[in-house]
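Asker: What follows is a predicted structure for the sequence shown.
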Amino acid sequence: MTVTQPDVTVIIGAYEAMPYLVECLASVEAQTLDPARVEVIAVDDGSTDGTGEYLDEFAARAPMPVTVIHQENSGGPSGPRNAGLAKAAGRYVFFLDADDRLGPEALERMVAMADRAGTDVVLGRVEGVNRGAPKSMWHKTLERTDVFSSNIKFTLSAQKLFRRALLERHGMRFDESLFTGEDALFTMEAYLRADGVSVIADHTCYYLVGRDDGKHVTKSGGYALRFDSARALMRLIAELVPPGERRDQLMVRPFVVTLLPQFGPRWLTDDEEVRRHKLELAAPLMDAYWTEGVARLLKVHERLRLHLVAARRPDLLTDVVRFVRDKRQAAGLLEKNGRRLYLVYPHFRDRKAGIPDEVYLAGPREARPFLGYREQPADSFPRRALRRLRRLSAVRGLSRRDRPAAA
């Protein structure tokens, strides 16, 4: 009897997942992909609420092959996912959290997309149920894109379809030393190493479920873990992407999503010891990875806060954080005949503070709502050609005037 390789291995890490696990597994069972083309590897990570027993019951009746692994609690999602990866046989793997669920036809559509486009990673549209979900990458279905040409860097959760050959070729596994952000590290590496990424934007493939009891697979942990996560992701980006615009573009993600919240409203309630420690943890990251290129890509209040973190100026930072927390609107100051707009956040042009004007300079997107702002037009080819012709004409005119008069 010939054993056919499954198209996709669904890896489910489960910890204290009842009763959410019931709908999760029902969504797997309801998939339209032929059950013979699917395998499930479920890892019970030391649950005590009946999760392990329910997985065993599902394995006994499911239409597709199901392997259940029982292990002691590992403390995070990385261990169960790696245990599942070690046993996976599918051409693709999909990581499904036990408290979430798949959308109808999700596996069939994602596998078909990967096979048709020849891509190594497929993102299926995600919707939140009692919680938020990423939105900016679902504007358009893309058969082939990459992390530089789209907004996929803002969805680094592990709930994607990955070509298993890619993971095996690079020995990719989840970092079990990280207790938050481990999926961001894994997914960013996959994006950067992939031969193309696909995006399914017109069909919901995954429902991200907010639990009432707060017991998610991923534990939030303390602020120091967030710095660990940012450090690991920044280091990965620096290792795989040379310095320049493309690296700066990717660095926006860990700076804004992971690091900046530590210097948001919670900063105002931190005691002095925590504030000092946060600045100590941030210092080597700012020194190594904070560049003018990254700064230019941020909103003014984001750039200003991180500039003050880099400058080790907690005294000034507190005023800015309070201004942002209170949702106050910064006034706009127009200069250069309306072509330059500064947002007047605290300490703007305060000599004692010494913050450069450029930190407050708004980009076109922030500046457009202000009356009187005149956006500089793109430097199009006709404009460049016209300027060149004018320069050439001027040079020729000078050369004619310099010629000796005819006898």
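Answerer: Structure's in. What do you need? Not measured: the values here are computed from a predicted model.
Asker: so how far is V199 from the nearest residue to S136 once chain neighbours are set aside?
Answerer: Counting by Cβ to Cβ, 6 or more residues apart in numbering, the nearest residue to S136 once its immediate chain neighbours are dropped is N151, at 4.4 Å. Placement of C-beta: from N, CA and C, glycine included. Shown here: N151 relative to V199, a distance of 9 Å by Cβ to Cβ, to the nearest Å.
Asker: Can you work out which residues contact both of the two?
Answerer: Where contact means Cβ atoms under 8 Å, 6 or more residues apart in numbering, the residues bridging N151 and V199 through contact with each are M137.
Asker: between these two, who's got more neighbours?
Answerer: Set side by side, N151 and V199 show unequal neighbour counts under other Cβ atoms under 10 Å, the larger going to V199 at 25 against 15.
Asker: does Y207 sit in a helix, a strand or a coil?
Answerer: Under the three-state scheme (DSSP: H, G, I helix; E, B strand; the rest coil), Y207 adopts strand.
Asker: Can you verify my assumption that it contacts V129?
Answerer: Yes. Y207 sits in contact with V129 when judged by Cβ atoms under 8 Å, with a separation of 5.2 Å.
Asker: Contacts only, for the residue nearest the centre of the chain.
Answerer: Ranked by distance to the mean C-alpha position of the chain (Cα atoms, centre = their mean), the top residue is F154 at 2.8 Å. For F154, the contacting residues are P134, S136, M137, R253, V257, by Cβ under 8 Å, 6+ apart.
Asker: Would you check which pair of the residues you listed lies furthest apart?
Answerer: Taking every pair in these and measuring Cβ to Cβ, the maximum separation is 13.6 Å, between M137 and V257.
Asker: quick one: which of the contacts of F154 sit in strands?
Answerer: With strands identified by DSSP state E, none of the entries of the contacts of F154 belong to them.
Asker: quick check, nearest of the residues you listed to P364?
Answerer: Using Cβ to Cβ, S136 is the member of those that lies nearest P364, at 18.0 Å.
Asker: Tell me the confidence at that closest one?
Answerer: Taken from the predicted model, the pLDDT recorded for S136 is 92.
Asker: neighbours around it, how many?
Answerer: Residues near S136, counting by other Cβ under 10 Å: 11.
Asker: before we move on, what about P242?
Answerer: By other Cβ under 10 Å, the residues close to P242 number 7.
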